[in-house]
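Student: below are the sequence and a predicted model for it; my questions follow.
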Amino acid sequence: MSINQGSNTLHSSKANSVVKVVVNTPLRRSFDYLPPENPPSQLLTGLRVRVPFGKRELIGLIIDTSVESDFDFNELKRIIEVIDQEPVFNASMMKLFKWAASYYHYPLGQVIHNAMPAHVRQGKALTASNNNTVKHEEIIKDLTKELVLNKQQEQVKASILKQSNNFHCFLLEGITGSGKTEVYMQLIAEKIRLGLQVIMLVPEISLTPQTIQHFQGRFADNIVAIHSGLTDKQRFNAWSDARLGDADIVIGTRSAIFTPLLRPGLIIIDEEHDASYKQHEGFRYSARDLAIYRAQLFDIPIILGSATPSLESLHNALSKRYSLLSLELRAAEASNPTFNCIDLNGKTLSEGFSEQLLDAIKEHLHQNKQVLIFLNRRGYAPLLQCHDCGWTASCPRCDTSYTLHRHSPELRCHRCESQRKIIHACPSCQSNTLLPIGLGTERTEKKLEESFPNVPVFRIDRDTTRNRSKLENTISEINKGQAAILVGTQMLAKGHHFPEVTLVAVMDADAGLFSSDFRGQEFMGQLLIQVAGRSGRGKNAGEVLIQTHNSTHPTLNTLIIDGYKQFSRTQLEQREMANLPPFSYQALIRAEASKVSLPMDFLQEVQNITKHKLSSSSSTFTLGPLPAPMEKRAGRFRFQLLLQSSSRAELHTLLNHLVPVYEALPLSRKVRWSIDIDPLDFS
Ligand code: ADP
Ligand code: ZN
Ligand code: ZN
């Protein structure tokens, strides 16, 4: 069995041939080596090699061979050893890496390094793992049967199957609870029947053991899960099972998109709008966008699914680059939840709760149902302030206020995660009256415990779910179905199925309405609809209550009265008028240093060079340099320069020319800087 899918270029290892190797360095180039003393019969692209590099030895990957070198042959060193018998990645995967390196303007060696499990990076052998991934304890005998699809689901499935032998990108816009997962599973089953493999990406938090069990219940053990909770060995085994064709299904978070497959047949991106698909450090790729390119390279179909599609994907679908499919009804017996605003203006609030909301909670609990309270801020209170002089406790390294935490009592900076002991006397006026200002999930939890002492309250946020198994226990406790209150951050919004929840309450919808980020309203709309989608997923009708001081705001009203479909089309029109993405293309250049003038001076030079290069007819312009909204973090000052263009090709051609010039600036060595293509996060 050969693992070559596309054929890797063949070259005879003649003594004079030059081998081009990439290694894990920030240098944007490959390095020339001579073949080893006893070369194998073929030097293929994708083989790992051990090479001398300065005073060190590194593991690299062959990307090409040539008879020429820019260097004198006498200066070239020899490859020490060719590690593999056969390539780690086939030719198509190598193409994917090259495309990613050029699109994200990131060194190829580091792209590939990022894509390899630790064992492979370290040069360990690629022996088959013989299916020894962590498996279910008991062998599942009774697999769950396929459900009978409803008419809409049937149509979606048929449309996809009709065009599923070649590359085709589908956007499945299906409301929460419309049975997208069932459609995915039936399509996966079709592919497996044909002997093909499937990759399904899910957002970080959705990949709970329950998701995996749900799939194992249908497909037995032919599944590997790839996520951040694996040990290096587990990760390597999962990767290897996929690569050798021993696993039919790969379910994974962002980085799983780099998993090689022997017989790729389908890619699914669930909750395609989710921001966790974009890596926000180092190699800043979008797993969704890479997945689309991968599907194209492998000539296989890809499905992007969401109840709240990103405006990028929606725009591509509406302009017919993707096929738009929709599911507009909830599957099973569930009906769509009803939405109502609670106008907070002039109302007396008790720890953020209006009387109307407390009454509604009581009512639902009385019916023995569950209630979900959404507040997107963890901790007890976002501010600790002196009542006598106005002093506030703030992080000296970030110039931002500390969040008061009570569960593990401390003041914590949510920017740099530094912490200090809680202060009881004001350092400015010695007053003992320090007040917690504002609401976090801990404070809301406490209020709910006091108001409803006989009902369990489960808090779900980053602080309570650091430990995967703890989150798991909480979820199974909730799904026992007794009356309960769930309080949490956006973690609660992501794909969970809590059938007994009939009331979802949004504590404060106002922040997202007035965000300075041009994607602020889009994100608010997605979050609100996703949270609301946790309501009424079982037999009982669901209700959504939204507390706001802006109950007549047109954006909020479009969203809750007309729904996300209308909301998103309106948002798209506004983006088009403002010439913002997806109607234009952006690259964000960030720079930071502990001395405030350095990043500013560096970006000013970058801007001068860029402007100089732009012709008068160019559609590209620069904006900035400006301090980042989060100007100081962990003792470093942060600035950014935005490049925007109506032409993606023009923007990338420009960057191809200029990145080496930016890199050669003396100031570039005094700051930490990066390029973010298609940036989502401007903080
Ligand atoms: P989505 O992924 O679109 O949010 P799910 O796939 O989780 O929706 O489906 C929601 C619920 O509806 C699940 O409990 C699922 O088992 C059920 N369901 C889906 N399709 C059908 C069907 N055709 N008949 C009956 N129940 C269904
Ligand atoms: Zn004071
Ligand atoms: Zn800080």
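Tutor: Received, thanks. Ligands and ions are numbered 1, 2, ... in the order given.

Student: what helix or strand does the residue of the stretch 151-300 of the chain found nearest ligand 2 sit in?
Tutor: Closest residue of the stretch 151-300 of the chain to ligand 2, CB to the ion: residue 280 (37.3 Å). C-beta here means a position set from N, CA and C on the backbone, and glycine is covered the same way. Assigned by DSSP states H and E, residue 280 falls within no helix or strand.

Student: please apply the same query to residue 643.
Tutor: strand 636-645.

Student: ok, is that strand in contact with ligand 3 or not?
Tutor: No - shown here: strand 636-645 not in contact with ligand 3 (CB under 5 Å from the ion), separated by at least 10.6 Å.

Student: what's the spacing between that strand and its chain's center?
Tutor: Offset of strand 636-645 from its chain centre (CA atoms, centre = their mean, to the nearest Å): 21 Å.

Student: so for it, mean pLDDT?
Tutor: For strand 636-645, mean pLDDT is 98.

Student: again, but for stretch 100-110
Tutor: 97.

Student: tell me the domain boundaries of this protein?
Tutor: Split into domains by automatic domain parsing, the chain comes to 10-121, 136-332, 334-377+439-575, 585-677.

Student: quick one: the helices in the stretch 351-500 of the chain, in order.
Tutor: Along the stretch 351-500 of the chain, counting by DSSP state H, counting those that start in this stretch, helices occupy 355-366, 441-451, 468-478.

Student: so which bits of the helix or strand following the strand holding residue 643 are buried?
Tutor: Sequence order places helix 648-664 as the next helix or strand after strand 636-645, per DSSP H and E. Of the residues in helix 648-664, 650, 651, 652, 654, 655, 658, 662 count as buried by neighbour count, 16 or more other CB atoms under 10 Å.

Student: quick one: contacts for the residue of the stretch 551-683 of the chain found nearest ligand 2?
Tutor: Residue nearest to ligand 2 within the stretch 551-683 of the chain: residue 632 (23.4 Å; CB to the ion). Residues near residue 632 by CB atoms under 8 Å, 6 or more residues apart in numbering: 397, 398, 399, 400, 638.

Student: please apply the same query to residue 568.
Tutor: Contacts here follow CB under 8 Å, 6+ apart; on that basis residue 568 touches 308, 309, 311, 314, 522, 525.

Student: contacts only, for the nearest residue in space to residue 536 that is not next to it in sequence.
Tutor: What sits nearest to residue 536 in space, not counting adjacent residues and going by CB to CB, 6 or more residues apart in numbering, is residue 542, at 2.0 Å. The contact partners of residue 542, by CB under 8 Å, 6+ apart, come to 334, 335, 336, 337, 338, 501, 502, 503, 504, 535, 536.

Student: try residue 432
Tutor: Counting by CB under 8 Å, 6+ apart, residue 432 has contacts 424, 425, 426.

Student: repeat for residue 179
Tutor: So residue 179 contacts 147, 149, 150, 153, 327, 330, 331, 332 (CB under 8 Å, 6+ apart).

Student: so which of those reach ligand 1?
Tutor: Counting by CB under 6 Å from any ligand atom, the subset of the contacts of residue 179 that neighbours ligand 1 consists of 147, 149, 150, 153, 331, 332.

Student: show the model's pLDDT score for residue 76.
Tutor: pLDDT, residue 76: 92.

Student: sorry, wrong one. I was asking about residue 514.
Tutor: Note on residue 514: pLDDT of 87.

Student: ok, and the closest non-adjacent residue to it?
Tutor: residue 520 (7.7 Å).

Student: got it, and residue 593?
Tutor: With CB to CB, 6+ apart as the criterion, residue 593 has its nearest non-adjacent residue at 4.5 Å, and that residue is residue 671.

Student: wait, the one you found sits on residue 589?
Tutor: No - using CB atoms under 8 Å, residue 671 makes no contact with residue 589, being 10.7 Å away.

Student: which one's more surrounded, the two?
Tutor: residue 589 (26 against 22; other CB atoms under 10 Å).

Student: which strand residues bridge that one?
Tutor: Beta-bridge partners recorded for residue 589 (DSSP bridges): residue 641, residue 675.

Student: so what's it up against?
Tutor: Contacts of residue 589 (CB under 8 Å, 6+ apart): 603, 606, 640, 641, 642, 643, 662, 673, 674, 675, 676.

Student: could I have the buried ones of these as PyMOL selection syntax?
Tutor: In PyMOL syntax, the buried subset of the contacts of residue 589 is picked out as below (16+ other CB under 10 Å):
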select buried, resi 603+606+640+641+642+643+662+673+675+676
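
Student: in a markdown table: the contacts of residue 589, plus distance to ligand 2.
Tutor: Shown next, in a markdown table, are the contacts of residue 589 (distance: CB to the ion, whole Å):
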| residue | distance to ligand 2 |
| --- | --- |
| 603 | 39 |
| 606 | 44 |
| 640 | 35 |
| 641 | 40 |
| 642 | 40 |
| 643 | 46 |
| 662 | 47 |
| 673 | 40 |
| 674 | 40 |
| 675 | 45 |
| 676 | 41 |
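
Student: of the contacts of residue 589, closest to ligand 1?
Tutor: The nearest member of the contacts of residue 589 to ligand 1, counting by CB to the nearest ligand atom, is residue 676 at 30.6 Å.

Student: and the residue found closest to residue 164 once you drop the neighbours it is linked to in the chain, what does it touch?
Tutor: Nearest non-adjacent residue to residue 164, counting by CB to CB, 6+ apart: residue 301, 4.5 Å away. By CB under 8 Å, 6+ apart, the contact set of residue 301 is 160, 163, 164, 165, 166, 167, 168, 169, 170, 266, 267, 295.
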